[in-house]
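A.B. asks: any chance you could fold what I've pasted below:
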Amino acid sequence: MFNSKNYSSMYQQKNDKKGFASSRLVKREEKKLKKQTFYYLFFGILILLLFIFLIVPNLIKLFFAVIDKDSPFVEKDTTPPQVPILSSSPVEATFSASLNLRGFAEPKSKVVFLLDSVKTAEIQVAEDGKFEHELALTDGANELLIFGIDEAGNESLKTKSYMIARDGEAPILEIEEPKDGSVIELKKNRTTTIKGKTESEAKVMINDRLVLADKEGNFSSNYYLTEGKNELKFIVTDKATNKTERTIEVEFKL
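C.D. replies: Reported below is the predicted structural model:
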């Protein structure tokens, strides 16, 4: 006789075994899937970090390296630097063979010196904008021009033209009146006229009196004589500060 109760119990046990085996398989697959997901995320994050911190910076460097090579997309510096400024204007004349020049220009630029339209020097400007140069002069007239060149190669305008005369010779001195050793008589001639010739616009000291020569070098002055012998000392100083000295003696009698 068929026992339905026993059969049902066996079927139930068989189904329980199948369900248990299926549950273990599902858990194993889930565990495997989680592990794969972790690996994917780990390697994905690693690749992303490498891309951000290694690949992207190198690509940026490569990009700018390419466009820096005269690329039409790069804005170039075409603004000329400021015109160099001298701290003080050069002297018009000097006896020295060189002239010390100081001034200000665009920091880290270069200052070019032209003497009679010929480049004689190119010096570097300091970071504070100061520059200094010992300029060698030639005998006679020297025309000086200065301009600047910035780091981009732009040139400034030139400064105004400076004329510097190098003169190492003492000025001439010709005393026309009175003559050395002359005797002047009578009260009406006590105030005598002194005349002479020297360099153009030179300074003439007659004892303690300053007289300026005109553009032709002529000078004159009146001098009050004392009775007896009068010593007249002449000191002529030209624009280059060269000097000539001479002393004459004049006697006055009432």
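A.B. asks: ok, and Ser96, which helix or strand is that part of?
C.D. replies: For Ser96, there is no host helix or strand (DSSP states H and E).
A.B. asks: that one contacts Arg166, correct?
C.D. replies: Yes: assessed by CB atoms under 8 Å, Ser96 is found in contact with Arg166 at 7.4 Å. No exception for glycine: its C-beta is placed from N, CA and C like everyone else's.
A.B. asks: who has more neighbours, these two?
C.D. replies: Neighbours of Ser96 and Arg166, each counted by other CB atoms under 10 Å, are more numerous for Arg166; the result is 19 against 13.
A.B. asks: ok, that one - contacts?
C.D. replies: Contacts here follow CB atoms under 8 Å, 6 or more residues apart in numbering; on that basis Arg166 touches 93-97, 137-140, 142, 240.
A.B. asks: so what sits against both of Ser96 and Arg166?
C.D. replies: Leu137.
A.B. asks: thinking again about what came up before, need the buried ones from the contacts of Arg166 selected in PyMOL.
C.D. replies: Only the buried entries of those go into this PyMOL selection, using 16 or more other CB atoms under 10 Å:
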select buried, resi 93+94+95+137+142+240
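A.B. asks: what's the neighbour count on Pro80?
C.D. replies: Pro80: 16 neighbours (other CB under 10 Å).
A.B. asks: state the distance from it to Glu106.
C.D. replies: Remark: distance between Pro80 and Glu106 (CB to CB, to the nearest Å) = 9 Å.
A.B. asks: what do these two both touch?
C.D. replies: Joint contacts of Pro80 and Glu106 (CB under 8 Å, 6+ apart) are 150, 156.
A.B. asks: mind listing what Tyr224 touches?
C.D. replies: So, once contact is read as CB under 8 Å, 6+ apart, Tyr224 ends up touching 190-191.
A.B. asks: for it, list each beta-bridge partner.
C.D. replies: Thr191 (DSSP bridges).
A.B. asks: and the helix or strand harbouring Asn222, how far out from the chain middle?
C.D. replies: Using DSSP H and E, Asn222 maps to strand 218-224. The chain centre lies 49 Å from the centre of strand 218-224; the measure is CA atoms, centre = their mean, to the nearest Å.
A.B. asks: next: stretch 102-115.
C.D. replies: 4 Å.
A.B. asks: for that stretch, buried residues please.
C.D. replies: Result for stretch 102-115 [16+ other CB under 10 Å]: buried residues 103-106, 109-115.
A.B. asks: farthest-apart pair in the residues you listed, please.
C.D. replies: Glu106 and Leu115 (22.1 Å; CB to CB).
A.B. asks: and Lys160, what pLDDT?
C.D. replies: Note on Lys160: pLDDT of 94.
A.B. asks: and it, backbone torsions?
C.D. replies: phi -70, psi 160 (degrees, to the nearest 10).
A.B. asks: so Leu49 belongs to a helix, correct?
C.D. replies: Yes: remark: Leu49 belongs to a helix, assigned using DSSP: H, G, I helix; E, B strand; the rest coil.
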